[in-house]
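In: Structure here, sequence nowhere to be found:
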């Protein structure tokens, strides 16, 4: 059974730090890219950061570049999101998902979303 379990969310003051974790099971974690999404109230879910299968390539949304860091530990089947200098606009439910590239349509597909973890940044 495939599972992704996010944890580490909570209430944090603006300017603070938080580290999210996503523990994976039921699939070969080390073979797949991983992605962090977030969804704020009333808004669509958007990609925050992504990391390739071995951790050598990372990408970030402009809104978090320089403040968030994605990393992974394939021995622990876990992907992390280190959040620094957080802002009230970072308030959202954060999800992780596996990512694959579809050659036929030249786009990414996302799989196995977890239940999410709530991050609330107070001003």
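Out: On my side now, so go ahead. This one's a predicted model, so the numbers in the text were calculated from it and none came from an experiment. Residues are numbered from 1 along each chain as shown.
In: Three-state assignment for residue 30, please.
Out: helix (DSSP: H, G, I helix; E, B strand; the rest coil).
In: Give me the neighbour count for the residue lying closest to it once chain neighbours are set aside.
Out: Once flanking residues are discounted, residue 30 sits nearest to residue 74: 4.1 Å by Cβ to Cβ, 6 or more residues apart in numbering. C-beta here means a position set from N, CA and C on the backbone, and glycine is covered the same way. When neighbours are counted by other Cβ atoms under 10 Å, residue 74 registers 15.
In: which residues touch residue 74?
Out: If a contact means Cβ atoms under 8 Å, 6 or more residues apart in numbering, then residue 74 has 29-30, 54-55 as its contacts.
In: where's residue 67 relative to residue 99, distance?
Out: Note on residue 67: its distance to residue 99, by Cβ to Cβ, to the nearest Å, is 22 Å.
In: So between the two, which is more surrounded?
Out: Set side by side, residue 67 and residue 99 show more neighbours around residue 99, with 19 against 15, by other Cβ under 10 Å.
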